[in-house]
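Asks: predicted model, plus sequence, below.
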Amino acid sequence: MSDIILETRAVSKRFGAVQALSDVSFALRAGEVHGLAGENGAGKSTLIKILTGFYQPDEGEIILSGTAVRLDSPRAAQRQGISAVYQEINLIPERSVAENLFLGNEPRRFGVLIDRARMERSAAELLARYDLAIDPRARLGALGLGLQQMVSIARGVRLGARVAILDEPSSALTGTEVETLYRVVDRLKADGIAILFVSHRLSESYRLCDRLTVLRDGRVVASEAVADLPRAALIGAMLGRNAEAIHGNRPARTPREGVAAFEASGLRWRNRVRDVSFAVRPGEVVGLAGLLGSGRTETMKASFGAETKEGGAIRVGGSSVPSTTPGRSIAAGLAFLSEDRRAEGIFPKLSVAENLTATALPRIARFGFVSQRKQAAMVAEFTKVLGIKTAGPNAPITSLSGGNQQKVLLARCLATAPRAIMLDDPTRGIDVGAKAEVHEAINRLVEQGLGVLVTSSEMEELMALADRLIVLTEGAVTGATSTDGLEVQDVLDILAQPHEAVAHP
Amino acid sequence: MSTGLMARTGHDSPMALLRAQSVYVAFAALIVIDLIFTPGFRNVFVIRNLLFEAAPVILVTLGQSLAIGTRGIDLSVGSTMGLAAAVMALALPGGSWLAVAAGVGAGLVVGMINGGLIAALDINPLISSLALLVAARGTAEALLDGSRVSLPTGGLFDALGIGAVWIVPTVAIIALAIAGLVAFLVRTTMFGRYVLFIGANKAAAMIAGIKVRRTLLLVYAASGVLAGLAGVFAAARLGASDPNYIGVNYELDAIAAAVIGGTPLSGGRISILGGVFGVLLLQVLGASFIMNDINFSYAQILKAVFIVGALYLQRAGG
Amino acid sequence: MSVSGTSAAVRAEGAAPERRARLIALIQSRGAIGVLVLATIVASLRFPFFPTVANFENIGTAASFLGLVAIGQTFVIILGGFDLSVGSLIGLGSVLAAYALPYGWWAALLVPALAGGAVGLVDGLLIARAGMAPFIVTLAALLGVRGIALVLAKNSLVIATPGVFGLIANGQILGIDNLIWIVLIGFAIAAIVLNRTRYGVAVFAIGGNEEAARMLGVPVARIKVLTYVVSGTLAGLSGALLAAHLSSGISTAGQGEELKSIAAAVIGGVLLTGGVGTMAGALSGVLLLGLIENVIDQIGNLSSYYQNLASGVFLLIAVLIQTVLTRRRR
């Protein structure tokens, strides 16, 4: 076994009430491609941010080539030879490839003037070494996303990187770009650089990685050589039984027959949602099962009109919603709870009442004037129904715990009295108690005839909530099954099947 | 009822509350100092004059507060005042009422263009309103050939220019009434909520199905209309439409007043009452310097310090 | 469903947009030069007074004060900021030059430059270190600096400029006005600094993607402060030269120049969103505005007030075109 270059020992990190990482130990070896897997909130990004100097661990240490190091800034991490490539390119798109490669230490003449000819020559050599057909004088932004990532990797290597962290490098790449990435990774390996690879595509992880480490709830739940970790075991580790998960007390229920509460047919959006069709009956919970990056969020957003769908039709309660925008979807009786509470959910600075009633204002207003009485009644009702713990309707939303913020957002969705609701990972990052309360609330609503489409990062949760599952893989529906008598393992098996039909070239 | 007009200060920590109230404290302190030290400050004519000057600034501050509430800005208001006054002068042959309507209408047009650029084309408000600042002033000057046009005496223009109820000028009553109206709208209507939603989190507002574009268009249109009316007031007070003079640098005063009054540039919060007191504070400050025979330019320097200070405090408050 | 077909299609589409993107980039960066050439030809054909050496010198001299300020403004806009204080700094600079002249012509240049640099330093520190919005900080500086200028000199200060100081602004070298030399050399140096030094590349990087620039190790705060200092210094210097040219220090000089300098830069293809722009473009913008003023001035039956309208409309059109072009490129 080759030398360990980077190692974390018992690293822990807390954010307020959330334990993002606990006791994480893992090792990266020279010439090794090490995959990091895990669902939303598993702690992958926290770990990467610790390794790249954005966060400091609360406990534990980071060992680089045998010595404990402090990575107290991104620049410190870079100086120590840890280079990261993110999905969001951290380069300057308007400038040339060569400038991006050399920014900050351009070769100079007379100690002042940048020697462009020399810089471009060196850049060309560097790119050639990785077999990249890129003109060093080209504007970086003119390259495809994949090549931009390669430039980012090349920059890291030029600065003497010993560790390259590739964070979801392939999720937006075209087929040829993926091939280029594989080639570059092989070359890095040959150069003895350790690579930490984060990808949501299992086939890629298996193709590239020598070793896989799986995080869940901030802990390492598996760390094996790829040969010892078959797909099913990997997915099981990512999604499987969670000690804290709620067990399936799903009430027996019969969905109402007749017209679907909500229906999508032939939905398409970029290459992330491919011809997805499904129907949700009133009084039914349908789970959208799939890994992160399977298109589950995009399916919901395209259905709702938060992204402009490129094809397909949406029907709510039998009547079609011709061109979907969030406003029209809401008016038609559809509601959507985003997985990203901070960016697409709460209105910071505003009160619980203002946040809760945001979409339902037309219902409590006359001639555009918001009735304080009706608002108070609405807030009181949902505070009680969902058990929202708040100092009062006028308390700022940011004073609430994550779980209670989420309940306010759920109330916001319900306040428009929708026929169907889409909940994208509704219990992400909230504590167990709040989780159970959200589940109860969903079950009650379904009894009243609401149709629910739900996703989750935890298979246990999805099984506990849904009557039926629709399995999504890389943007396409690859299976559908009732959850009656279904074991978690069965679903994991469906997810683990290689899908020839949708496999990436 | 003071919290009624002062939209949302109740959510804050004690420190933030103190910061939000600082404009009233500063105003009160300044008044006390003036009453003691400034000769002739008690004179009713001084107060009346001060309110005459304040009325148009209050109007543009209202529009500015709405724009800032959406996390935007409207730099065009001063030039829009000038344009409104110029258009009003051209429309004089049609009678004074028509002229005033034309002036306000000119403001609406500028506001709609600005709002259209921002809402439909997604241009940064800073940039679009900056372009309109230059263009509207240029149009105003071109329309009147850069010269001052006297307004007829008597009738409507006297009512606006010199009319007063005891010490309170008619225009100040109108401006304060509109301020009350805007505060009411911000507090009680869907429109007001939408403004705050957009300022607090635009992405979340989109997902929540809020009509973001329409709201933005309305905000900048309203700012334009208010600036148009402010231009009419300023011209009436001057007794003439002067395209080189009317409204110059008013956008600065409006931004300063709004910010000093507790409307943060980061959006999502509007304090109309604070903005009104911000205007009064700046006006009294300027008057104090003049009445104490201190070079007025010092007031300008102090105003700059106030703006930076207020912003620095807001920044510290997060 | 085969995906390889999709990606092949994506690749085939890829080439044409890139060609279009390059064309659009060319229009954005060089469009102003084209318009300037075109406008010069049209004006020369249309107005007999226009195409004379003396008139071109007039345009050049008149535009030189704006030109110096536009150099700094261009740096600041490419950085992703705004400097609204430059107009007031021209006023302050001209007043300070008048005060400093008795100590020597060098003092009359140095003091305004230093004062401008000091204001830029304060602006830059508030923006880069305290994280305040550039437009509001420089707006306050606009007010404050004008106030200081007015405190220093309520009316204009007449100065005698027979010596070196006057010669700098009013003399000629090789038959061309010194002011024109100064502004041309200024633009040439600025272009080299912008494109051939680490500082210049860092300015582009910060304006292009500030977060990335910080990650890539660019000392963002230091570069920002330095850039506002450069802008302030040039504005102060411009004021000094104006005083030398007009033989008086005028505290109200330079009003509106901040907007004109922004307009000139934007017309010249410098994107207000930062990260893109050329000095040649900014110079064309300055000259285009100068040309319009010159023509309007001499037509006679047109009020000089059409100048502002013209620059406003030009700015509006430039912003619109830039926005549309930038969106097309994506």
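Replies: Great, that's in hand. If you're wondering where the values come from, they're calculated on a predicted model, not measured in any experiment.
Asks: CA only for contacts and neighbour counts going forward, please
Replies: Noted.
Asks: three-state assignment of the residue positioned nearest the centre of chain C?
Replies: Residue closest to the mean C-alpha point of chain C, counted by C-alpha atoms, centre = their mean, is C:Ala70 at 1.2 Å. Secondary structure state of C:Ala70, per DSSP: H, G, I helix; E, B strand; the rest coil, is helix.
Asks: and it, how far from A:Leu292?
Replies: 50 Å (C-alpha to C-alpha, to the nearest Å).
Asks: ditto for A:Pro426
Replies: 14 Å.
Asks: same question for A:Gly160.
Replies: Taking C-alpha to C-alpha, one finds A:Gly160 at 33 Å from A:Leu292.
Asks: same question, B:Ile290
Replies: In terms of C-alpha to C-alpha, B:Ile290 sits 67 Å off from A:Leu292.
Asks: of A:Pro426 and A:Leu292, who's got more company?
Replies: Each of A:Pro426 and A:Leu292 had its neighbours counted (other C-alpha atoms under 10 Å in any protein chain shown), and the higher figure belongs to A:Pro426 (25 against 18).
Asks: now that one. Nearest residue, chain neighbours left out?
Replies: Closest residue in space to A:Pro426, ignoring its immediate chain neighbours: A:Glu339 at 6.5 Å, by C-alpha to C-alpha, 6 or more residues apart in numbering or on different chains.
Asks: what's the one you found in contact with, if anything?
Replies: A:Thr297, A:Leu423, A:Asp424, A:Asp425, A:Pro426, A:Arg428 (C-alpha atoms under 8 Å, 6 or more residues apart in numbering or on different chains).
Asks: so where's chain A shaky on pLDDT?
Replies: Applying pLDDT under 70 to chain A flags residues A:1-2, A:17, A:40-41, A:87-89, A:169-175, A:240-250, A:432, A:497-505.
Asks: what does it put close to chain B?
Replies: A:306, A:325-328, A:330, A:343-351, A:354, A:358-359, A:361-362, A:365, A:368-371, A:394-396 (C-alpha under 8 Å from any C-alpha of the partner chain).
Asks: which among those residues end up buried?
Replies: A:306, A:325-328, A:330, A:344-351, A:354, A:358-359, A:361, A:365, A:369-371, A:395-396 (16 or more other C-alpha atoms under 10 Å in any protein chain shown).
Asks: among the residues you listed, which ones lie close to chain C?
Replies: Of these, not one also sits near chain C (C-alpha under 8 Å from any C-alpha).
Asks: which of those fall within helices?
Replies: When DSSP state H defines the helices, the subset of those inside them is A:Pro326, A:Gly327, A:Arg328, A:Ile330, A:Glu344, A:Glu354, A:Leu361.
Asks: now for these: which two are most distant?
Replies: A:Arg328 and A:Glu354 (21.1 Å; C-alpha to C-alpha).
Asks: if I read this right, C:Gly254 contacts C:Leu84, doesn't it?
Replies: No - using C-alpha atoms under 8 Å, C:Gly254 is not in contact with C:Leu84, being 11.5 Å away.
Asks: so which bits of stretch C:39-56 are buried?
Replies: C:Thr40, C:Ala43, C:Phe50.
Asks: these into TSV, with extra columns for distance to A:Met150 and secondary structure?
Replies: Shown next, in TSV, are these (distance: C-alpha to C-alpha, whole Å; DSSP: H, G, I helix; E, B strand; the rest coil):
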residue	distance to A:Met150	secondary structure
C:Thr40	46	helix
C:Ala43	51	helix
C:Phe50	55	coil
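Asks: tell me the one of those residues nearest chain A?
Replies: C:Thr40 (31.2 Å; C-alpha to the nearest C-alpha).
Asks: now do the same for that closest one: its pLDDT.
Replies: Listed pLDDT for C:Thr40 reads 88.
Asks: put the alpha carbons of stretch A:275-291 into CSV.
Replies: Output of stretch A:275-291 as CSV, limited to C-alpha atoms (Å, rounded to 0.1, in the frame of the first residue of the first chain):
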residue,chain,number,x,y,z
ASP,A,275,-39.5,12.1,-20.2
VAL,A,276,-40.7,11.6,-16.6
SER,A,277,-44.4,10.7,-16.1
PHE,A,278,-46.3,10.0,-12.9
ALA,A,279,-49.6,10.5,-11.3
VAL,A,280,-50.5,11.2,-7.7
ARG,A,281,-54.0,10.3,-6.6
PRO,A,282,-55.9,12.2,-3.9
GLY,A,283,-55.1,10.7,-0.5
GLU,A,284,-51.9,9.1,-1.6
VAL,A,285,-48.3,9.7,-0.9
VAL,A,286,-45.9,8.9,-3.8
GLY,A,287,-42.2,8.8,-3.0
LEU,A,288,-39.8,9.9,-5.7
ALA,A,289,-36.9,7.5,-4.9
GLY,A,290,-33.5,8.3,-6.2
LEU,A,291,-30.1,9.3,-5.2
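Asks: restricted to strands, list the contacts of A:Glu339.
Replies: A:Leu423 (DSSP state E).
Asks: ok, A:Leu91 to A:Ile82 distance?
Replies: For A:Leu91, the distance to A:Ile82 - C-alpha to C-alpha - is 16 Å.
Asks: B:Val57 - that's part of a helix, no?
Replies: Yes - with three-state DSSP as the criterion, B:Val57 is assigned to a helix.
Asks: what about it, distance to B:Arg214?
Replies: In terms of C-alpha to C-alpha, B:Val57 sits 26 Å off from B:Arg214.
Asks: more neighbours, these two?
Replies: B:Val57 (31 against 15).
Asks: contacting residues for the more buried one?
Replies: B:Ala230, B:Tyr250, B:Asp253, B:Ala254, B:Val279.
Asks: same question for C:Val218.
Replies: A:Leu103, A:Gly104, C:Ala202, C:Ile206.
Asks: go on, B:Gln21?
Replies: B:Gly262, B:Gly274.
Asks: check A:Asp72 too.
Replies: Taking C-alpha under 8 Å, 6+ apart as the test, what A:Asp72 contacts is A:Gly53, A:Phe54, A:Tyr55, A:Gln56.
Asks: most neighbours among the residues you listed, which one?
Replies: These, ranked by neighbours (other C-alpha under 10 Å): first place A:Gln56, 22 neighbours.
Asks: how is that one assigned, secondary-structure-wise?
Replies: Once three-state DSSP is applied, A:Gln56 turns out coil.
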